[in-house]
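Visitor: okay, here's the prediction I keep looking at, along with the sequence it came from:
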Amino acid sequence: MNILINALCFFGALAFMEAVAYFAHKYVMHGFGWFLHESHHRPREGMFELNDLYAFMFAIPSIVLIWFGTNGYPWALWMGLGVAGYGVIYFGFHDVIVHRRIHHEWRPKSKYMQRIVHAHRLHHALEEKEGAVSFGFVYAPPVPKLRAQMKAIEAERAEVTQAKAAAG
């Protein structure tokens, strides 16, 4: 029974982190935390960017859970490892595969991996705080849906611009 509970804690935390990452990316990084995340939407100068500080912030819950897990709350260890596991997956997908922060020649062949990479490239089509699409890291909506969202955002911006021009 312990192994089942441990597995549920690990995989539950791992899956939950995709939702946490989505909301943090959309509402924090593209919200009040833009001052750090903006560096990720600009060409990188050097190995690191201010946005990398988010990795440390996301590591804190993992470290705390692992600490509690080794101090009397074994379920917390597995949750902390699940959070850390998500961090490893994120690093692999986002930093290595998509942004190639570690040089490699691998090209995604599966439809899933192609969709993840394409969705993230669409996310970076704008260097602005508002108007981005696709905020997840392990899940991305189908690319045609993202393109439709982008067109709707562009149309809305054009309407606002026209309304401001007409008013002033």
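Guide: Perfect, I can see it now. These numbers come from a predicted model, not from an experiment.
Visitor: name the element Arg44 belongs to?
Guide: If you go by DSSP states H and E, Arg44 is not part of any helix or strand.
Visitor: just give me the neighbour total for Leu77.
Guide: When neighbours are counted by other C-beta atoms under 10 Å, Leu77 registers 19. Where you see a C-beta, it was placed from the backbone N, CA and C, and this is true even at glycine.
Visitor: pretty sure it contacts Ile66?
Guide: Yes - under the criterion of C-beta atoms under 8 Å, Leu77 makes contact with Ile66 at 5.8 Å.
Visitor: list the buried ones in the lowest-mean-pLDDT helix or strand in the chain?
Guide: Using mean pLDDT, DSSP states H and E, helix 143-167 stands out as the lowest-scoring helix or strand of the chain, at a mean of 90. Judged by neighbour count (16 or more other C-beta atoms under 10 Å), helix 143-167 contains these buried residues: Leu146, Gln149, Met150.
Visitor: want to throw those into a markdown table with distance to His30?
Guide: Converted to a markdown table, the buried residues of helix 143-167 look like this (distance: C-beta to C-beta, whole Å):
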| residue | distance to His30 |
| --- | --- |
| Leu146 | 15 |
| Gln149 | 14 |
| Met150 | 15 |
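Visitor: which of those sits closest to Glu127?
Guide: Among the buried residues of helix 143-167, Met150 lies closest to Glu127 (C-beta to C-beta), at 14.1 Å.
Visitor: neighbours of His41, how many?
Guide: His41: 19 neighbours (other C-beta under 10 Å).
Visitor: what sits against it?
Guide: By C-beta atoms under 8 Å, 6 or more residues apart in numbering, the contact list for His41 reads His124, Leu126, Glu127, Glu128.
Visitor: so which of these is surrounded by the most neighbours?
Guide: Leu126 (15 neighbours).
Visitor: surely that residue and Gln149 touch.
Guide: No - assessed by C-beta under 8 Å, Leu126 is found out of contact with Gln149, at 12.0 Å.
Visitor: host element of the residue nearest the centre of the chain?
Guide: Centroid-nearest residue in the chain: Phe137, 4.2 Å away (criterion: C-alpha atoms, centre = their mean). Counting by DSSP H and E, there is no helix or strand that carries Phe137.
Visitor: which pLDDT value belongs to it?
Guide: In this model, Phe137 is scored at 88, pLDDT.
Visitor: quick check: it touching Asp95?
Guide: No - using C-beta under 8 Å, Phe137 is not in contact with Asp95, being 10.3 Å away.
Visitor: just give the nearest non-adjacent residue to Gly131, would you?
Guide: Distances taken as C-beta to C-beta, 6 or more residues apart in numbering place Ile153 nearest to Gly131, at 4.9 Å, with adjacent residues excluded.
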